[in-house]
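Colleague: model this:
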Amino acid sequence: MHITFTPMRLDKDLTLEKQGEVLFINGEAFDFSPLPEGYILPRAAVACDWLISDVTRADGALQMTLILPHGALAPHETLFPAPMTLTTDGPVDLPPFDSPAFETEEAQR
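Modeller: Model (predicted):
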């Protein structure tokens, strides 16, 4: 599963978990296993605000683009996220929402 990200300033959390060809986005399951090789699942056919592209299957791998929310002081790795290739099941480590220093200051308020 190949995921690219488009960073966006949002005060919302994003969690991802992969289980086979099911992607859990904030706990909601999206099963892409029925998508055949070479086919395109239009963005409009998936009821998910985080998905901003069609979903395709090329060379056996699912490909999609998701919004990556970030805070006001997000680090470089969040503002310019690298694409991810998910090969194992489980929670997906996403870039940090904000810089660690900013998150610590906010928690102390």
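
Colleague: how near is the residue nearest in space to the middle of the chain to residue 94?
Modeller: In the chain, the centroid-proximal residue (Cα atoms, centre = their mean) is residue 66; its distance is 4.6 Å. The spacing between residue 66 and residue 94, counted by Cβ to Cβ, to the nearest Å, is 10 Å. Placement of C-beta: from N, CA and C, glycine included.

Colleague: Need the overlap of contacts for the two.
Modeller: In terms of Cβ atoms under 8 Å, 6 or more residues apart in numbering, residue 66 and residue 94 are both contacted by the residues 14, 16.

Colleague: ranges for the strands of the protein?
Modeller: Ranges of strands in the chain, per DSSP state E, are 2-9, 16-19, 22-25, 28-31, 40-41, 55-58, 61-70, 84-85, 90-91.

Colleague: For this protein, which residues score under the pLDDT cut-off?
Modeller: Across the chain, the ranges flagged by pLDDT under 70 are 101-109.

Colleague: now do 50
Modeller: 103, 105 (pLDDT under 50).

Colleague: hmm, back to that, these two touch, right, the residue nearest to the centre of the chain and residue 15?
Modeller: No. In this structure, residue 66 is not within contact of residue 15 by Cβ atoms under 8 Å, at 11.4 Å.

Colleague: Overlap in contacts, the two.
Modeller: Going by Cβ under 8 Å, 6+ apart, residues that sit against residue 66 and also against residue 15 are residue 25.

Colleague: about what we covered before: look up the closest residue to the residue nearest to the centre of the chain, ignoring the ones flanking it.
Modeller: Distances taken as Cβ to Cβ, 6 or more residues apart in numbering place residue 50 nearest to residue 66, at 5.0 Å, with adjacent residues excluded.
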